[in-house]
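Student: Return atomic coordinates for the entry below.
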Amino acid sequence: MPVTVKLHLHLLSDSTGETLENIAKAALSQYDDVETVRHFWPMVRTEAHLDRILQEIAQNPGLVIYTLVNPATRKALEQRCQTLGLPTVAPLDPVNDALSAMLGQQAKNKPGRQHVLDAAYFARVDAIQFTIAHDDGVLWEEWEEADIVLAGVSRSSKTPTSIYLANRGFKVANIPIVIESPPPVSLYSLQNPLVVGLTTSPDRLIQIRRNRLLSLNQAPETAYVDQEAVTRELQYARRMFADNGWPVIDVTRRSIEETAAAVISIVNERSGNPALVIDE
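Tutor: Got it, this is the predicted structure:
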């Protein structure tokens, strides 16, 4: 049997730490049998704060990854970790070094500059508000204001994908495809938004729906999870997508992030081509 390795991972950021967390998550996903204890330290901007953190690091030695721009704070962290015999990694340094060389200027070294309250920030907030208000077919009269409309049968990841895309600045609406209740006819004549169909395999959809019913303490065996009914439902949705020339993404083996990335790719390449099916 493989031996599980325990790792203390210290993440220090002088801002929200979102970038650092994503880097650590991406790297750790490449390793098996690791029990990771994460110590997350955001908004580290004073040496007094750093001193308190270093006490915790000394008690739980491990890998230290940081995104600190203040030279004094960085130096203090690196020197203390060197004394403790602990490795430190500054993952953004190679990127900043390359940018400085290419652009012929030095980085500003100001924490949290990517979170400045500029026009793009407020546009993203508007996108999130729009997306929440237009979930599950609500306010279909305003779909023309959307950037993207996601269509798919129940539990085909429309809502979480919509929210993820909204956080990327896209105004997204979504509509469930139900055989007994066709969508509003305006869906077929939208000019501005890109309509994307989401589909999945019957077996995967049944599994997700059955788990949903169990979580709601409802009967786990209904037409909602019947193999024949679900297959017919998915075929109906596929025909609708094909008839209207909408691009289709199979989400069977995709994470929400991967589905959203595929949608963004279609948005970027939008050229009025016939329906495009993106499968695994």
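
Student: quick one, domains of this protein?
Tutor: With domains defined by automatic domain parsing, the chain comprises 5-114, 119-278.

Student: Contacts for the helix or strand hosting residue 229, please.
Tutor: Applying DSSP states H and E as the criterion places residue 229 in helix 227-243. By CB atoms under 8 Å, 6 or more residues apart in numbering, the residues outside helix 227-243 that reach it are 151-153, 177-179, 197, 199-200, 202, 205-206, 209, 223-224, 248, 275. No exception for glycine: its C-beta is placed from N, CA and C like everyone else's.

Student: Give the PyMOL command for selecting the buried subset of these.
Tutor: In PyMOL, this line selects whichever of these come out buried by 16 or more other CB atoms under 10 Å:
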select buried, resi 151+152+153+177+197+199+200+202+205+206+209+224+248
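
Student: how distant is stretch 39-47 from the center of its chain?
Tutor: Distance of stretch 39-47 from its chain centroid, counting by CA atoms, centre = their mean, to the nearest Å, is 24 Å.

Student: Between its first and last residues, how far does it reach?
Tutor: End-to-end distance for stretch 39-47, by CA to CA, to the nearest Å: 18 Å.

Student: could you pull out the strands for the stretch 101-250 of the chain?
Tutor: With strands called from DSSP state E, counting those that start in this stretch, the stretch 101-250 of the chain shows them at 148-152, 172-176, 194-199, 248-250.

Student: export those strands to CSV and tack on mean pLDDT and distance to residue 78?
Tutor: Formatted as CSV, the strands of the stretch 101-250 of the chain follow (pLDDT from 0 to 100; distance: least, CB to CB, whole Å):
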stretch, mean pLDDT, distance to residue 78
strand 148-152, 98, 44
strand 172-176, 97, 43
strand 194-199, 97, 47
strand 248-250, 96, 45
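
Student: nearest to residue 264, of these?
Tutor: The closest of the strands of the stretch 101-250 of the chain to residue 264 is strand 148-152. By CB to CB, the value is 9.0 Å.

Student: Given the closest one, what are its sheet partners and their directions?
Tutor: Counting by DSSP bridges, the strands paired with strand 148-152 are strand 172-176 (parallel), strand 194-199 (parallel).

Student: just so I know, which of those strands lies nearest residue 163?
Tutor: Short answer: strand 172-176, nearest of these by CB to CB, at 8.1 Å.

Student: what residue ranges in the stretch 151-280 of the chain score low on pLDDT?
Tutor: Across the stretch 151-280 of the chain, the ranges flagged by pLDDT under 70 are 271-280.

Student: one more time with 80
Tutor: Residue ranges of the stretch 151-280 of the chain with pLDDT under 80: 219-221, 269-280.

Student: swap in the stretch 1-150 of the chain?
Tutor: In the stretch 1-150 of the chain, residues with pLDDT under 80: 1-2, 106-121.
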